[in-house]
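Undergrad: Quick one, fold the following:
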Amino acid sequence: MQNVKTAISLQKPLFEQAENLARSMKVSRSRLFVLALEEFIQRQQNQELLRRINAAYADAPDPTDKALRRKTRRQHRRIVEGTW
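TA: This next block holds a predicted model:
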């Protein structure tokens, strides 16, 4: 995979924290930034997926679905209870 160089501006305290963390992890600052960005992107993708899932399940069942579910539960109960 091809690498692209980029420059970023950080406030000095944040830069120093990144520098210390990279040193303690025994990785370069570049590698630390890559790891952090990959994790951030993955978290954003997971949140978007969760938003889509929640939106899909947010719709309440319509009256036809509710009636069908009740009928299915009644039939299942009769089968299980042996009163079919």
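Undergrad: quick one: low-confidence parts of this structure?
TA: Applying pLDDT under 70 to the chain picks out residues 83-84.
Undergrad: how about the helices in it?
TA: Applying DSSP state H to the chain gives helices spanning 12-25, 29-58, 63-81.
Undergrad: Quick one: neighbours of residue 22, just the number.
TA: Neighbour count of residue 22, defined by other CB atoms under 10 Å: 17. In short, each C-beta sits where N, CA and C put it, glycine included.
Undergrad: measure the spatially closest residue to it that is not a sequence neighbour to residue 41 for me?
TA: Nearest residue to residue 22 in three dimensions, chain neighbours excluded: residue 32, at 4.2 Å (CB to CB, 6 or more residues apart in numbering). Going from residue 32 to residue 41 by CB to CB, to the nearest Å gives 15 Å.
Undergrad: Likewise for residue 29?
TA: To residue 41, residue 29 is 18 Å away according to CB to CB.
Undergrad: if we can go back for a sec, higher neighbour count, residue 32 and residue 41?
TA: Ranked by neighbour count (other CB under 10 Å), residue 32 and residue 41 place residue 32 first, with 16 against 10.
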